[in-house]
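predicted model follows, preceded by the sequence.
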Amino acid sequence: MARRFKVNRQMPNLPKVDGGTPLSFFDPENPDVNLFNLIDDEIIRIAGSPLYYFKSFISEDFDEVYLEARNKTISSEPIVVHGHYEPSVVEEVLSNFGIELTNDQLFVFNKSYIEAALGRQPLIGDQIKPQFQNQKYEIIEVQEEGFEMYGVYHMACTAKLLRDNEETLNQDTSDKVDDVGGYLDIE
């Protein structure tokens, strides 16, 4: 059986206000929002490291279903950005399908900083190379993360290890036909 507590003083009713009340802590117009963002950016710079960021450019043959392009164009000049990640060694697991790489990497950036540095949000297909590792990663998923009281502060990019040679970075793509299929020029 539930107990009912009695009080000797009647509490006043709360005011019915569309905006805030005298006890409201949430204020989207608060000037401290930018301070929280700057502190978050500084923490990522202190705890993280410099990264070489290679932007990808979407071409005409971009497939909206698979979210990929047959011929990706990657910038040859990287942009140096700061982000946080946990370095890990390359693990090669032998499975029924052969040797598989199982070391996906999570890169965390301050949202406003990375958007200002790139001029856009990070995209699937962009490539990241940590300054202190000789490994290159391709972004396979981008999520907003770190929802705090006043907004989103983090961009979390999941990336897989990329096994491309540097020789293939600046080569022109051409229409080549192989034995199985490919492009066919009918005129």
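Perfect, thanks for sending it. Here the structure is a predicted model, which is why all the values come from computation and not from measurement.

which stretches of this protein form helices?
32-47, 111-118 (DSSP state H).

tabulate those (JSON lines), appending mean pLDDT.
Putting the helices of the chain into JSON lines (pLDDT from 0 to 100) gives the following:
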{"stretch": "helix 32-47", "mean pLDDT": "82"}
{"stretch": "helix 111-118", "mean pLDDT": "90"}
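
just those helices: most buried one?
Most buried of these by mean neighbour count (mean count of other CB atoms under 10 Å) is helix 111-118; its value is a mean of 17. (Glycine included, C-beta is placed from N, CA and C.)

what does that one contact?
With contact meaning CB atoms under 8 Å, 6 or more residues apart in numbering, helix 111-118 is reached by 37, 41, 44, 53, 55, 79, 81-83, 121-122, 144, 152-155.

repeat that for 7 Å
If you take CB atoms under 7 Å, 6 or more residues apart in numbering as the criterion, helix 111-118 is touched by 37, 41, 53, 55, 79, 81, 121-122, 144, 152-155.

now stretch 92-104
Contact with stretch 92-104 is made by S88, V90, E91, T158, A159, K160, L161, as judged by CB under 7 Å, 6+ apart.

in the chain, which helix or strand is least confident?
strand 68-69 (a mean of 64; mean pLDDT, DSSP states H and E).

now the helices of the chain as JSON lines including distance to I99?
Formatted as JSON lines, the helices of the chain follow (distance: least, CB to CB, whole Å):
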{"stretch": "helix 32-47", "distance to I99": "33"}
{"stretch": "helix 111-118", "distance to I99": "33"}
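
wait, doesn't D126 sit right on E141?
No: using CB atoms under 7 Å as the test, D126 is too far from E141 to be in contact (11.5 Å).
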